[in-house]
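**Q** sequence isn't available, so here's the structure alone:
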C-alpha cells in the first residue's frame with residue numbers, strides 16, 4: 001500500500017524545529033552580548049561557541065533528514081513546491097534513509113544546494129552584514145566543503161583538541177545556515193508564523209510562489225512588485241526571493257518586516273541603484 005503524505009506532515013516536528021533554532025540562537029546572542037561581532041573578534045574562540053556550533057549543525061542534520069523523509073512521501077513535486085528534478089533527488093535520498101538509516105552532507109548537497117546556495121541572510125551584528133552560509137555550493141556540480149560544517153565535524157569527533165576552531169565567525173555562519181534551512185522548509189512555514197517570525201505584505205500570505213524558484217524571469221513573473229515575505233529572528237532576517245533579483249532591480253519593500261529590516265533594505269536599494277546609475 002502506498003504511503004500517505006498526510007501522516008508524514010502531521011508527524012513532522014515543525015514547532016520543535018523552530019523552537020530549537022530559537023534556543024541555539026539565544027545561546028549565540030548571549031555570547032554576542034560579551035563579544036560583539038566585528039572584524040577584530042571574528043577569530044575569537046570559546047567552548048561556548050563550540051557548544052553553539054555543534055548544536056546548530058546537529059539541528060540542521062536532523063532537520064534535513066526529517067524534511068527528506070516527509071517530502072519523499074508526497075504525491076508529486078508540486079505538493080511541496082519543488083522542481084521535478086529536486087523532488088526526484090529527495091525521493092532517492094528518502095529511499096536511502098529508509099534502507100540505510102543515515103544520510104550525509106553529500107546527500108544534502110544533492111537535495112538542497114539548488115535551494116540555498118545563492119541565498120543570503122541578514123545578520124544583525126554590531127554592524128549589519130549579509131552572510132552566504134552555503135556559498136561554496138553555488139554553481140558547484142559536486143559537493144564542496146563548507147568551512148563551518150567541516151569545523152562541526154572536527155569538533156564532534158575531538159572537541160578539546162580542536163576547540164580553537166570554534167570561532168565567532170564560524171558559529172554565526174552555522175546558526176545563520178540553520179535559520180536559512182528552516183526558512184526554506186515548507187513544513188516549517190506554519191510554525192514560523194505561530195512563533196511570530198514570518199511577516200508578509202498585503203496580498204501575499206506565504207512564501208510558496210518563490211520558495212523553489214527556477215529563474216529570475218519566473219520570480220519577476222510571480223512577484224512583479226518584488227517579494228513581500230520576510231522571516232526575522234533576534235539576530236537574522238531572511239527575505240524570500242530577494243537574492244535572485246539583480247540588485248539594480250530591488251523593489252521597494254512593502255509594509256512587512258521590522259523597521260530595522262525595512263531600513264536596511266532601503267539603504268541597500270539606494271546603494272545599488274546609485275552604483276547602477278554610474
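**A** Noted; the coordinates are in hand. Bear in mind the structure is a predicted one, so any value in this text is a computation, not a measurement.
**Q** give me every residue that touches the residue nearest the centre of the chain.
**A** In the chain, the residue lying closest to the centroid (C-alpha atoms, centre = their mean) is residue 180, at 1.0 Å. Contact analysis of residue 180 by C-beta atoms under 8 Å, 6 or more residues apart in numbering lists 116, 119, 121, 133, 134, 238. No exception for glycine: its C-beta is placed from N, CA and C like everyone else's.
**Q** what strand or helix carries it?
**A** Assessed by DSSP states H and E, residue 180 sits inside helix 168-184.
**Q** off-centre distance for that helix?
**A** Distance of helix 168-184 from its chain centroid, counting by C-alpha atoms, centre = their mean, to the nearest Å, is 7 Å.
**Q** which helices and strands does the next helix or strand after that helix pack with?
**A** Once the chain leaves helix 168-184, the next helix or strand it forms, by DSSP H and E, is helix 189-194. Applying 3 or more C-beta pairs under 8 Å, 6 or more residues apart in numbering; DSSP states H and E, one finds that helix 189-194 contacts helix 14-34.
**Q** show me how far the helix it packs on is from its chain's centre.
**A** Centre-to-centre, helix 14-34 and its host chain are 14 Å apart (C-alpha atoms, centre = their mean).
**Q** for stretch 265-276, same thing?
**A** Mean-position distance between stretch 265-276 and its chain equals 24 Å (C-alpha atoms, centre = their mean).
**Q** any regions of the stretch 101-250 of the chain where pLDDT drops low?
**A** Counting by pLDDT under 70, the low-confidence segments of the stretch 101-250 of the chain come to 200-228, 244-250.
**Q** the helix holding residue 180 vs helix 14-34, what angle?
**A** Angle of helix 168-184 versus helix 14-34, following axes from the mean of the first three to the mean of the last three C-alpha atoms, to 10 degrees, is 150 degrees.
**Q** where do the helices sit along the stretch 101-250 of the chain?
**A** Using DSSP state H, counting those that start in this stretch, the helices of the stretch 101-250 of the chain run over 105-116, 147-157, 168-184, 189-194, 208-211, 216-222.
**Q** can you say which of the ones you listed is nearest to residue 48?
**A** With distances scored as C-beta to C-beta, the stretch of the helices of the stretch 101-250 of the chain nearest to residue 48 is helix 168-184 (8.8 Å).
**Q** quick one: the closest one to helix 147-157, angle?
**A** 110 degrees.
**Q** could you list the buried residues of helix 168-184?
**A** Judged by neighbour count (16 or more other C-beta atoms under 10 Å), helix 168-184 contains these buried residues: 168-184.
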